[in-house]
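Chemist: Turn this into a model:
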Amino acid sequence: MSKLTGGPAFPDPGRAQSEKQREKLTEMGMTLHDYFAAHSPIDTAIAHDTFYRQNGRNAGIQEMLTMLANLRHRYADTMLAARQAPAYEGKLVESLRTARAALEGSTSPQAQERALLAIIDALGAAGAL
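Modeler: Numbering: from 1, shown residues only. Take a look at the predicted model:
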């Protein structure tokens, strides 16, 4: 299971009367990961079939429930990753294109160094370094 939670599913910092209360309200309740797991289309029949395919036997109730929880959390991990991928890739690609254009258009060593640093910054901001 991923450590990524997606933050609170239903934050309501607007009803807070102080900064401390605002922080507490945004930390309370289920996370977006929990919400995706709870609302996944994976049911007990899918969990049972998956267990049977992996183990070659029918699952007991506890084994089936464990499989159900694991599948639902993997589903939630995938949903959170899909939410981040387009924004992450778009920002990274745009930053790299801009830096590459600056690098190709530069004639001085200082301008080339700035362009290379912009590429490194873009990769660092995207978590690639």
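
Chemist: can you map out the strands along the chain?
Modeler: Here the chain has no strands by DSSP state E.

Chemist: Run through the residues that contact residue 37.
Modeler: By C-beta atoms under 8 Å, 6 or more residues apart in numbering, the contact set of residue 37 is 72, 73, 75, 76. No exception for glycine: its C-beta is placed from N, CA and C like everyone else's.

Chemist: Neighbour-wise, which one of those residues leads?
Modeler: Within the contacts of residue 37, most neighbours by other C-beta atoms under 10 Å means residue 76, with 25 neighbours.

Chemist: Surely it touches residue 39?
Modeler: No. Counting by C-beta atoms under 8 Å, residue 76 sits too far from residue 39 to count as a contact (9.0 Å).

Chemist: intersection of neighbour lists for those two?
Modeler: Counting by C-beta under 8 Å, 6+ apart, nothing touches both residue 76 and residue 39.

Chemist: circling back to that earlier point, so can I have CSV of the contacts of residue 37 showing pLDDT?
Modeler: Formatted as CSV, the contacts of residue 37 follow (pLDDT from 0 to 100):
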residue, pLDDT
72, 91
73, 89
75, 88
76, 86
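
Chemist: out of those, who's nearest residue 44?
Modeler: Nearest to residue 44, judged by C-beta to C-beta, of those is residue 72 at 10.9 Å.

Chemist: Count the residues that sit near residue 35.
Modeler: 17.

Chemist: Could you report the distance from it to residue 94?
Modeler: Using C-beta to C-beta, to the nearest Å, residue 35 is found at 30 Å from residue 94.

Chemist: Would you mind listing the buried residues in stretch 46-59?
Modeler: 47, 48, 50, 51, 59 (16 or more other C-beta atoms under 10 Å).
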